Every structure is written in C-alpha cells, then in structure tokens.
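Q: return atomic coordinates for the entry below.
(one chain, ligands or ions: 1)
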Amino acid sequence: MSVSASLFSHVSSVITSRLAPSVVRSQPASPPSIPQSPNVIPAPSLSCALQCPHFQSCSGCTHEWNLHRPVILDEVADFFKNLGISGFSFDSCRLWGWRCRAKLAIRGSSASPLIGLYQEGTHNVVDIPLCKAHHPSINSAVELLKQGITELDVEPYNEDEGTGELRYVQMAVTTYNTSIPASERYRNGKVQVSLVWNSRNENSPSSEKLNALANFLWRNGGPSSNIHLIHSVWVNFQTSTNNIIFGNRWRHLLGESNFWEHVGGIDISLAPSSFGQANTRAFDSLLRKLQKYVPYGASIADLYAGAGVIGLSLAATRKCRSVKCVDINKESKLSFEKTVGRLPKFVDCSISWHHADTSIGPLSWLEGTDVVVVDPPRKGLDQSLINALQTLESSEHKAAASESSFLKVKDEKRPWILRAREATVQIESKSPSEKSHALPQTLIYISCGWENFKEDCKSLLSSKAWHLEKAHAFNFFPGTNSIEILAVFKRGPGISAKKKKTGKKKKKAQRQDILARN
Ligand SMILES: C[S@@+](CC[C@H](N)C(=O)[O-])C[C@H]1O[C@@H](n2cnc3c(N)ncnc32)[C@H](O)[C@@H]1O
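A: Numbering: from 1, shown residues only. Prediction:
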C-alpha cells in the first residue's frame with residue numbers, strides 16, 4: 001500500500017464513520033466487568049447514556065445507551081472463553097470527551113459554516129458543535145474557528161465545484177502541561193489546529209486570508225487570550241478533487257511546533273501528519289497493560305509502528321535490549337526522532353525506525369527479536385506476515401542449518417528489499433550486544449478491527465505455531481460498536497492442544513489395551 005493510500009484509508013474512515021482505531025480510559029461510577037449472560041439485557045441507564053443532540057444525524061456514534069459496554073463485548077468475551085482464555089478483562093475507559101484527535105469536514109457558507117462529519121452514506125456535513133465524544137477543547141476550538149470563518153469571510157470548500165478555501169480541519173488535543181497539577185491536565189487540554197487549505201502552497205492569492213484566519217485563532221485562543229485554548233496552528237495544502245483529506249505539503253504557522261503528550265510512561269511527540277491514537281487516555285491504559293507482557297531486556301519488533309510510541313514506551317519501561325519500529329508512512333519519522341530525544345537518560349537500547357512495508361519479506365523483521373508487537377490498521381495483518389508467523393519453526397530450522405539463510409538470500413538476490421530495510425533512524429545502544437538470529441517467542445497483537453482480528457487469530461492458532469495466552473479489551477470508541485483488543489500469543493501449540501494430544505494418546509493406549517485383553 002502506498003503512503004497516500006494508507007493515509008486515505010485511515011482518514012476517510014474517520015471522516016465518514018468514527019469506528020476507527022484509537023483508545024481512551026474513563027471510569028463510570030463502577031467499572032463494568034465481563035458480561036454475565038448475553039440474554040440479560042440491562043435497562044437503559046442515563047448514567048452511561050450518550051445524551052448527545054447530534055445522535056442519529058451524525059455518523060460518529062451508533063449507540064446511545066450503555067456506553068460503558070459496547071454490544072460487541074458479549075461476542076468478544078465468548079470468543080476468548082471458547083478458546084479457554086482466563087483472566088479476560090475489559091476496561092470501559094472514559095465515556096465522554098474522550099476523543100483527542102478529530103478530522104472534521106468544513107462546508108456550508110462563510111456566513112453559516114458547517115463543521116463536522118458526513119451524514120451516513122452521504123457527503124452532507126452535519127454540524128456537531130456539542131459533540132459528546134470530542135474533548136471539550138475541540139468543541140471550543142471549532143466554535144472559535146467558525147467565528148473566524150464568518151468574520152474574515154473565508155469560503156468553505158464546495159465539493160461539487162472544487163471551489164472554496166477551507167476544506168477540513170484536524171484538531172489534536174495535548175494534555176501535556178507539567179506546570180499544572182496532574183489532575184487538571186486533561187481538562188485543560190490545548191488544541192493543535194491544522195487547517196486543510198484549498199491551494200497548492202503558501203504563494204497562492206488566498207494565502208492572505210489563511211494567515212488572517214491563523215492570526216484570528218491565535219489572537220482569540222492563544223496564550224495571550226482569556227481562554228488559552230490553542231496550542232498551535234498548522235496548514236496543509238490540498239487541491240486534489242478526490243476524498244483524500246491531506247496533501248503532502250505541511251507548514252507550521254503559529255505557536256509551538258512541537259506537540260508533546262505523555263503516554264505509556266514516556267513523552268511522545270506527534271506531528272500533525274503522523275498517525276496518532278484518538279483516545280489518549282485509553283491508549284495509555286492499553287500500553288500499561290501491554291508492558292506487563294514484555295520481559296525485561298527483550299528485543300522488540302514493533303510492526304505497523306506509526307511514530308514508534310509502543311516500541312519506545314517498551315524501551316523505557318522494560319529496559320529493552322533493542323527496539324526496531326517499522327511503518328509505511330514516512331511522515332512518522334520526525335515524531336519518532338523527537339520522542340527518542342526525550343527518552344530518559346538511563347535507556348540503553350539499540351533503537352531504529354524503518355520506513356518500509358511490513359508485508360514485503362516480513363521474516364527479516366522478526367529475526368533477532370524476542371517479542372513482536374503488531375498494531376495493524378482495521379483490515380488486519382498482511383497475508384505475507386501471517387504466513388511468516390505461521391512458519392517460524394521451519395524458518396528457525398533453516399536458519400540453524402545455514403546461518404541466517406534468509407539474510408543471505410536477501411543480500412544476494414533482492415538488494416532493493418535490503419535498501420528498504422536499512423534503518424531510516426538508528427540509535428546504537430551504549431552496551432555492545434551480539435547480533436541474534438532468534439525468532440520471537442511472544443506475539444502481541446493490538447487490534448482495532450474485531451472481525452479481521454478474529455480471522456487472523458484463527459489462522460495463527462490453526463497453524464499450531466502459536467497459542468493464545470491472554471486477551472484484554474478496551475473501550476477505545478464509546479458510542480460505537482468498536483473495541484480495541486490486546487491479545488498475547490506464545491509460540492507453540494500451547495497446553496490445551498498438548499492436553500488434547502495426551503488425551504488422544506491415552507485413548508489410543510486404552511483401545512490397544514482393550515484389544516490386547518481381547
Ligand atoms: C493503527 S495504526 C498504529 C500506529 C502505532 N502503533 C500507534 O499506536 O501509534 C497502523 C499503522 O500501520 C501503518 N501501516 C499500514 N500498512 C502498513 C504496511 N503495509 N507496512 C507498514 N506499516 C503499515 C500505518 O501507517 C499506521 O501508522
């Protein structure tokens with residue numbers, strides 16, 4: 001998949017429906033546990049109801065009641081129960097105001113702008129000023145943007161004609177502010193506003209209006225205003241007539257160019273162009289759970305890594321020996337580098353980020369690692385990666401027979417792949433370490449697409465190359481029927497399969513015994 005294609009698939013799904021990957025944690029009065037019986041339908045309770053005036057007209061939320069317990073949870077719990085998984089847990093996370101990243105379409109007129117999501121199955125934008133999923137700072141920034149559009153006569157985009165100036169806005173909230181008590185940080189989140197402007201670059205005739213709009217936001221929402229809501233203003237230039245939200249040209253206009261957040265025990269940098277989880281709090285919960293499954297000193301491959309947040313969080317909290325991150329979106333590189341620059345001094349780890357397609361020659365990413373973490377888009381794992389994971393054992397034998405055979409093949413016959421594999425960013429550990437050709441014993445699968453996860457999980461288990469050890473779910477998208485899964489697989493067929501084998505052997509022996517006696 002090309003970089004723009006991957007951007008498109010993510011971005012368009014967010015705009016038309018918000019069942020996209022992201023995470024948040026918020027606690028209702030008492031966190032719900034695993035559903036008891038699928039037949040028991042709890043009475044709708046206002047304490048966990050969406051209560052949003054835009055429900056039904058807006059495509060973002062599909063479920064109004066029981067936000068703490070998405071309907072799909074029953075199926076998820078049953079699936080893992082049938083696989084004999086004990087200790088499955090569900091974290092209901094933050095139920096309202098959880099979305100810290102939103103991409104919104106801008107239509108209508110300058111006198112009456114509409115900023116929101118498309119109505120289901122249409123390209124009619126629904127204005128959602130009181131959205132209950134948005135972090136409250138996003139709604140305030142949208143309100144301010146509308147004022148600016150009207151006051152400065154900015155023309156919203158007209159999709160049919162390809163005319164107008166302002167097409168979309170991305171609002172990303174940072175809750176990183178060490179100058180206020182931790183308990184107040186989330187509430188006081190500041191917004192990085194990225195305006196998607198319908199021109200090729202900053203030299204177009206409409207640039208004056210763009211700058212006037214950015215200045216308006218800064219004057220009325222920046223640090224010298226009464227509300228201090230805006231963290232920074234960016235522009236993305238996009239003139240394409242297709243549905244792709246962002247073009248390739250980004251410019252920082254005002255405020256801090258660096259956007260920091262604190263998740264998984266580390267400070268992370270996120271550029272507006274790189275992938276970022278929408279539900280910051282839920283993502284933090286997931287990372288903290290994930291860390292427990294990674295042994296200290298492990299070597300990690302973080303595939304579908306984005307800006308490497310998962311891998312770098314493990315480097316710091318699990319004192320990893322090495323972490324290599326792989327992502328197809330080159331825009332994430334800069335954020336990765338900045339995050340590395342802020343890792344605690346004690347981190348002594350060989351760290352690399354690779355701009356590459358995981359699906360091409362996936363085995364070489366697995367080589368030399370103890371733990372592989374995968375966090376693919378909703379469509380799930382690439383088939384070539386599933387194949388590589390299913391056949392690790394035979395690869396191991398081959399590698400033992402001729403030292404790192406696949407590396408040799410790659411060197412000799414497929415130099416173009418080798419080039420893609422050279423680290424785009426490489427930070428060496430201070431302690432010398434021997435290159436290992438081991439293959440991973442643990443696979444940690446993070447999924448935002450339940451249906452595709454199920455298929456991938458069945459494929460991995462049917463090969464007997466892996467067994468499932470633990471599973472947890474997180475309410476990353478309250479108000480929808482989406483769920484985020486954290487599944488931990490271990491190499492080999494597992495105890496239950498072995499038990500079955502032993503059981504079969506026993507039966508065979510009993511049969512032979514009976515035959516002998518007769
Ligand atoms: C759900 S995001 C996860 C990002 C990251 N793990 C995080 O939590 O911030 C999926 C990522 O997969 C990347 N991606 C999609 N297809 C890919 C491929 N074939 N090879 C490598 N990366 C890919 C996307 O660019 C995106 O960053």
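Q: what about the helices in the stretch 1-150 of the chain?
A: With DSSP state H, counting those that start in this stretch as the criterion, the stretch 1-150 of the chain has helices at 3-16, 73-82, 136-151.
Q: and the longest one, what other elements does it pack with?
A: The one in question is helix 136-151. strand 101-108, strand 113-118, strand 166-174, strand 190-197, helix 207-221 (3 or more CB pairs under 8 Å, 6 or more residues apart in numbering; DSSP states H and E). Where you see a C-beta, it was placed from the backbone N, CA and C, and this is true even at glycine.
Q: and if you look at the second one?
A: For helix 73-82, the contact count by 3+ CB pairs under 8 Å, 6+ apart identifies strand 89-91, helix 450-462, strand 466-474 as packing neighbours.
Q: can you add mean neighbour count and give the ones you listed back as CSV?
A: Below are these laid out as CSV (neighbours: other CB atoms under 10 Å):
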stretch, mean neighbour count
strand 89-91, 20
helix 450-462, 17
strand 466-474, 22
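Q: quick one: closest of these to residue 272.
A: Among the helices and strands packed on helix 73-82, strand 466-474 comes nearest to residue 272, with 24.7 Å by CB to CB.
Q: okay, that closest one in CSV with CA atoms only?
A: The C-alpha trace of strand 466-474 is given here as CSV (Å, rounded to 0.1, in the frame of the first residue of the first chain):
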residue,chain,number,x,y,z
TRP,A,466,1.1,-20.0,18.3
HIS,A,467,-1.4,-20.3,21.1
LEU,A,468,-3.3,-17.6,22.7
GLU,A,469,-2.3,-16.9,26.3
LYS,A,470,-4.1,-13.7,27.4
ALA,A,471,-6.6,-11.2,26.0
HIS,A,472,-7.9,-7.9,27.1
ALA,A,473,-10.3,-5.4,25.6
PHE,A,474,-10.5,-1.6,25.8
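Q: residues contacting it, please?
A: For strand 466-474, contacts defined as CB atoms under 8 Å, 6 or more residues apart in numbering pick out 23, 25, 73, 76, 80, 83, 85, 87-91, 93, 282, 285-286, 289, 293, 389, 443, 457, 460-461, 483-497.
Q: help me see whether it makes contact with the ligand, please.
A: No: legend: contact between strand 466-474 and the ligand by CB under 6 Å from any ligand atom is lacking; minimum distance shown is 12.4 Å.
Q: quick check: next helix or strand after that strand?
A: Proceeding N to C from strand 466-474, the next assigned helix or strand is strand 484-491, under DSSP states H and E.
Q: where does the stretch 51-200 of the chain get nearest to the ligand, residue-wise?
A: Using CB to the nearest ligand atom, the single residue of the stretch 51-200 of the chain nearest to the ligand is residue 101, 10.8 Å away.
Q: and for that residue, the neighbour number?
A: By other CB atoms under 10 Å, 23 other residues sit near residue 101.
Q: which SSE is the residue nearest to it when sequence neighbours are not counted in?
A: With sequence-adjacent residues excluded and distances taken as CB to CB, 6 or more residues apart in numbering, residue 101 is closest to residue 278, at 4.2 Å. In this assignment (DSSP H and E), residue 278 forms part of neither any helix nor any strand.
Q: show me what from the protein comes close to the ligand.
A: 1, 6, 21, 275, 277, 304-306, 309-310, 326-329, 357-359, 375-377, 382, 448.
Q: could you dump the helices and strands packed on helix 73-82 to TSV with mean pLDDT?
A: As requested, the helices and strands packed on helix 73-82 are arranged in TSV below (pLDDT from 0 to 100):
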stretch	mean pLDDT
strand 89-91	98
helix 450-462	97
strand 466-474	98
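Q: contacts only, for residue 267.
A: Here residue 267 is in contact with 176, 260-261, 339, 342 (CB under 8 Å, 6+ apart).
Q: for these, work out which two are farthest apart.
A: For the contacts of residue 267, and using CB to CB, no pair is farther apart than 176 and 339, which are 12.3 Å apart.
Q: quick one: which of those two has more around it?
A: Neighbour count, other CB under 10 Å: between residue 176 and residue 339, residue 339 has more, with 26 against 18.
Q: quick check: mean pLDDT across the one helix or strand residue 313 maps to?
A: Assigned by DSSP H and E, residue 313 falls within helix 309-317. What helix 309-317 shows for mean pLDDT is 98.
Q: which helices and strands sit right next to it?
A: strand 266-269, helix 280-291, strand 299-303, strand 322-327, helix 332-341, strand 350-355, strand 371-374.
Q: point me to the residue of the stretch 401-518 of the chain nearest the ligand.
A: Closest point on the stretch 401-518 of the chain to the ligand, by CB to the nearest ligand atom, is residue 448, at 5.9 Å.
Q: what do you get for the chain?
A: Counting by CB to the nearest ligand atom, the chain gets nearest the ligand through residue 306, at 3.0 Å.
Q: how many residues are close by the residue of the stretch 401-518 of the chain closest to the ligand?
A: 24.
Q: again with residue 86
A: 9.
Q: okay, stretch 184-200 in CSV with CA atoms only?
A: Provided in CSV are the C-alpha atoms of stretch 184-200 (Å, rounded to 0.1, in the frame of the first residue of the first chain):
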residue,chain,number,x,y,z
GLU,A,184,-6.2,19.3,35.9
ARG,A,185,-4.2,18.4,32.8
TYR,A,186,-6.8,16.6,30.9
ARG,A,187,-9.5,19.2,31.4
ASN,A,188,-7.0,21.9,30.3
GLY,A,189,-6.0,20.3,27.0
LYS,A,190,-4.8,22.6,24.3
VAL,A,191,-5.6,22.2,20.6
GLN,A,192,-3.2,21.9,17.7
VAL,A,193,-5.3,23.2,14.8
SER,A,194,-4.4,22.0,11.2
LEU,A,195,-6.3,23.8,8.5
VAL,A,196,-6.6,22.0,5.2
TRP,A,197,-6.4,24.8,2.7
ASN,A,198,-7.5,24.5,-1.0
SER,A,199,-4.4,25.8,-2.6
ARG,A,200,-1.1,24.4,-3.8
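Q: return the residues in contact with the closest residue in space to residue 370 that isn't next to it in sequence.
A: Nearest non-adjacent residue to residue 370, counting by CB to CB, 6+ apart: residue 298, 4.3 Å away. Residue 298 makes contact with 314, 318, 320-321, 369-371 under the criterion CB under 8 Å, 6+ apart.
Q: mind redoing it with 6 Å?
A: 320, 370-371 (CB atoms under 6 Å, 6 or more residues apart in numbering).
Q: redo those as CSV? Include pLDDT, neighbour count and distance to residue 248.
A: Shown next, in CSV, are those (pLDDT from 0 to 100; neighbours: other CB atoms under 10 Å; distance: CB to CB, whole Å):
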residue, pLDDT, neighbour count, distance to residue 248
320, 96, 28, 33
370, 97, 20, 37
371, 98, 22, 34
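Q: closest one of those to residue 172?
A: Nearest member of the contacts of residue 298 to residue 172, counting by CB to CB, is residue 320, at 27.9 Å.
Q: rewinding a little: select only the buried ones of the contacts of strand 466-474 in ChimeraX?
A: Filtering the contacts of strand 466-474 down to the buried ones (16 or more other CB atoms under 10 Å) takes a single ChimeraX command:
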select :23,25,73,76,80,83,85,88,90,91,93,282,285,286,289,293,389,443,457,460,461,483,484,485,486,487,488,489,490,491,493,494
